[in-house]
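> okay, structure incoming, though there's no sequence with it:
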């Protein structure tokens, strides 16, 4: 039975980690969050120790480490800007890290974590569940089996409405979340590189507090993309009452992957336990992509624009 700790127990994504721990036969030894709305823990691990101050959490895990009750893994669901320090702390507790995306905000952060891995002998695993989705795996197989010279045309549009709270939280602060493309788009960029190969060109058409758009060229694809959290940007064909619209088309064919997410964290945990997790080297290309999008000049008339970008720009 593997032993876990959890950082960010009150977060939106934490229940998926608790479920994955339980379903893969693990146990939760301790959890931490600055907020105490963590009653969900009772449904999975009611006896786990819980702390609202990181110093107390740290002292508890250090005591366990010295008592030779070391953890196997620390799951990290904290705000993006804390991922690097929490991954490093996990490894210094003598545990491997399992971290939500984006793993870090800047490529140089990966270099620092590589050094901590070297010092401790522990490793960082990133949750990149789209790589495990059956529809994405099938698409990757289709691309691999096609003529080697074929370049695919891809449109990625992701509109997920968020209220005013978003901008008042850490998610609305670029230095803490990385901005829209990083916070809600990083796993899409990873998925695109997973399917179509390395990125060769990136152009940014729009970058704002609530939306971003641009154009990517990958080894085997041309990608027009747009992301938004503004409900006013929802495409006109979005059904009435629906607040999220997600669409990926490849050569005009819709790729449906809205379903099938329920068990992907459990599958991610099982892959990690099997020694098949996604490490720092796998994460680097997508982190480089979002770091470039965050700082690149706006070039509205270069590359091809996503058809829904005009409404976003207004």
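Alright, I've got the coordinates. A quick note: this is a predicted structure, and the numbers were derived from the prediction, not measured.

> please make it C-alpha for all contacts and neighbour counts, starting now.
Will do.

> show me where the chain has strands.
Taking DSSP state E, the strands of the chain run over residues 3-7, 27-32, 49-51, 73-76, 96-99, 124-126, 152-160, 199-207, 211-218, 221-228, 244-250, 253-254.

> dump the ones you listed to TSV, plus distance to residue 143, mean pLDDT and mean neighbour count.
As requested, these are exported to TSV (distance: least, Cα to Cα, whole Å; pLDDT from 0 to 100; neighbours: other Cα atoms under 10 Å):
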stretch	distance to residue 143	mean pLDDT	mean neighbour count
strand 3-7	38	98	24
strand 27-32	40	98	22
strand 49-51	47	98	18
strand 73-76	33	98	28
strand 96-99	29	98	26
strand 124-126	25	98	24
strand 152-160	8	96	20
strand 199-207	16	98	20
strand 211-218	13	98	23
strand 221-228	10	98	25
strand 244-250	10	92	17
strand 253-254	13	94	12
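
> as JSON lines, these with distance to residue 266 would be great.
Listed next are the strands of the chain as JSON lines, based on distance: least, Cα to Cα, whole Å:
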{"stretch": "strand 3-7", "distance to residue 266": "14"}
{"stretch": "strand 27-32", "distance to residue 266": "14"}
{"stretch": "strand 49-51", "distance to residue 266": "22"}
{"stretch": "strand 73-76", "distance to residue 266": "13"}
{"stretch": "strand 96-99", "distance to residue 266": "12"}
{"stretch": "strand 124-126", "distance to residue 266": "13"}
{"stretch": "strand 152-160", "distance to residue 266": "24"}
{"stretch": "strand 199-207", "distance to residue 266": "29"}
{"stretch": "strand 211-218", "distance to residue 266": "30"}
{"stretch": "strand 221-228", "distance to residue 266": "27"}
{"stretch": "strand 244-250", "distance to residue 266": "23"}
{"stretch": "strand 253-254", "distance to residue 266": "27"}
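
> out of the ones you listed, flag the one nearest residue 279.
strand 124-126 (4.9 Å; Cα to Cα).

> which residues sit in contact with the nearest residue to residue 196 once chain neighbours are set aside?
Of all residues not flanking residue 196 in the chain, residue 220 sits nearest, at 5.1 Å (Cα to Cα, 6 or more residues apart in numbering). By Cα atoms under 8 Å, 6 or more residues apart in numbering, the residues touching residue 220 are 149, 150, 151, 152, 196, 197.

> wait, doesn't the third one sit right on residue 222?
The reference is to residue 151. Yes: Residue 151 lies in contact with residue 222 (Cα atoms under 8 Å); the separation is 7.1 Å.

> can you pull up the most central residue in this protein?
With distances taken as Cα atoms, centre = their mean, the chain has residue 101 as the residue nearest its mean C-alpha position (2.5 Å).

> any idea how far residue 28 is from that one?
21 Å (Cα to Cα, to the nearest Å).

> how about stretch 37-53: buried residues?
38, 41, 44, 45, 48, 50, 51 (16 or more other Cα atoms under 10 Å).

> ends of that stretch, what's the gap?
For stretch 37-53, the end-to-end distance is 14 Å (Cα to Cα).

> give me the contact list for it.
9-10, 15, 18-19, 22, 27-36, 57.

> please name the residues that touch residue 137.
Going by Cα under 8 Å, 6+ apart, the list of residues near residue 137 reads residue 131.

> from residue 194, how far out is it?
9 Å.

> what is in contact with those two at once?
Joint contacts of residue 137 and residue 194 (Cα under 8 Å, 6+ apart) are residue 131.

> for residue 100, give its distance to residue 183.
With Cα to Cα as the criterion, residue 100 and residue 183 are 11 Å apart.
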